[in-house]
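Enquirer: give me a 3D structure for the following:
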Amino acid sequence: MNLQTKYMGLTLKNPIVPSASPLSRTVDGVKKLEDAGASAVVVYSLFEEQISHEAGEFEHYITNNTESFAEALSYFPDAGEYNLGPDEYLKHISTLKKSVSIPVIGSLNGVSGGGWMKYAKLIEEAGADGLELNVYFIPTDPQKDGGVIEEIYLRDLIKIKKSVKIPVAMKLSPYFSSMSNMAKKLDSAGADALVLFNRFYQPDFDLENLEVVPNLELSSNWEMRLPLRWIAILRGNINASLAATSGIHNYQDVLKVIMAGADVANMCSELLNNGVARISEILKDLEKWMEEKEYESIEQMKGSMSQKSVADPAAFERANYMKALNNY
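Expert: This next block holds a predicted model:
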């Protein structure tokens, strides 16, 4: 069974790629992912907050957009156990490239247009095969319109693409006024892949202490519906590769996102909950299903249930919306 897929110019042995997470924090952890069958790995993120800045460069984003801390402050382990700063991150990438044979994709997480972007080039020089750019930003200022927010993403992508030769994937939130138009703009600006979607970690209220508390919950299957829908819409309308992330827990989930048009399925929560051996189990189940349904390759099924053949996707979506309500 041919499980091979192409993702942002990289040829991968199968579509399962562990996303940025603590699983890639050690060389041994990445080796275990490789042994379990992962076709590539996105290394945990290097955050803008970890990189030295000129005084005041990042102050605006810290003080005016307190929710836009990358991936929620509670997800940062204590400094004593999470000691890898920028230099250590680059060494980690370099060591991984010498230790595993699967592609290693670095991850940069930031928002301002500052000096953190130079690390894209340094990550490339450390040997990374690709880079995932995660612009994690929640627009809380009511004076900024959607165009201004979109420009932040485009600015960061264009600047980084000019500095590196390795492929760059853009990890997005779903909260744009026109998701398809934004995807097209990023595609035109040179994004080699779009990763759909980033999860915004919602805070909670502590009623005893009257405090806002960070809260991290791992994904559930139902969260896959949003990337599934948009990948099906975008497939065939942009040139960039597509990666599905959030809510992928079993072989059925992998099949669904591939049929929608994804090139890879990013997994994290399932592996954190049930161990990295789940990758090999899912791959076996995937092959078994493909054999039963007489599929010969991943490429054969890729995009087979997308909307690329629908003349009017908006009308198609509305028709299915009415059908869903009327059939309840």
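Enquirer: which helix or strand in the protein has the lowest average pLDDT?
Expert: helix 59-64 (a mean of 47; mean pLDDT, DSSP states H and E).
Enquirer: for the stretch 1-150 of the chain, which spans come out with low pLDDT?
Expert: 52-84 (pLDDT under 70).
Enquirer: and the next element down the chain from the least confident helix or strand of the chain?
Expert: On the C-terminal side of helix 59-64, the nearest following helix or strand under DSSP states H and E is helix 86-99.
Enquirer: can I get that next one in PDB, CA atoms only?
Expert: Extracted in PDB, the C-alpha atoms of helix 86-99 (Å, rounded to 0.1, in the frame of the first residue of the first chain):
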ATOM      1  CA  PRO A  86      17.100  30.400  21.300                       C
ATOM      2  CA  ASP A  87      20.700  29.000  21.100                       C
ATOM      3  CA  GLU A  88      19.700  25.700  22.700                       C
ATOM      4  CA  TYR A  89      16.800  25.500  20.200                       C
ATOM      5  CA  LEU A  90      19.200  25.800  17.300                       C
ATOM      6  CA  LYS A  91      21.500  23.100  18.700                       C
ATOM      7  CA  HIS A  92      18.500  20.900  19.200                       C
ATOM      8  CA  ILE A  93      17.500  21.200  15.600                       C
ATOM      9  CA  SER A  94      21.100  20.400  14.500                       C
ATOM     10  CA  THR A  95      21.300  17.400  16.800                       C
ATOM     11  CA  LEU A  96      17.900  16.000  15.600                       C
ATOM     12  CA  LYS A  97      19.100  16.200  12.000                       C
ATOM     13  CA  LYS A  98      22.100  14.000  12.900                       C
ATOM     14  CA  SER A  99      19.900  11.600  14.900                       C
END
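Enquirer: the helices in the stretch 201-328 of the chain, which residues?
Expert: Counting by DSSP state H, counting those that start in this stretch, one finds helices in the stretch 201-328 of the chain at the ranges 225-234, 251-260, 269-274, 278-292, 298-301, 313-326.
Enquirer: residue 6: which of these is closest?
Expert: helix 298-301 (8.3 Å; CB to CB). C-beta coordinates here come from the backbone N, C-alpha and C atoms, glycine included.
Enquirer: so what touches the closest one?
Expert: Contact with helix 298-301 is made by 2, 3, 4, 5, 14, 15, 255, 258, 259, 290, 295, as judged by CB atoms under 8 Å, 6 or more residues apart in numbering.
Enquirer: now the buried members of the residues you listed.
Expert: 3, 5, 14, 15, 255, 258, 259, 290, 295 (16 or more other CB atoms under 10 Å).
Enquirer: nearest to residue 191 among those residues?
Expert: Nearest to residue 191 among the buried ones among the contacts of helix 298-301, counting by CB to CB, is residue 5 at 18.0 Å.
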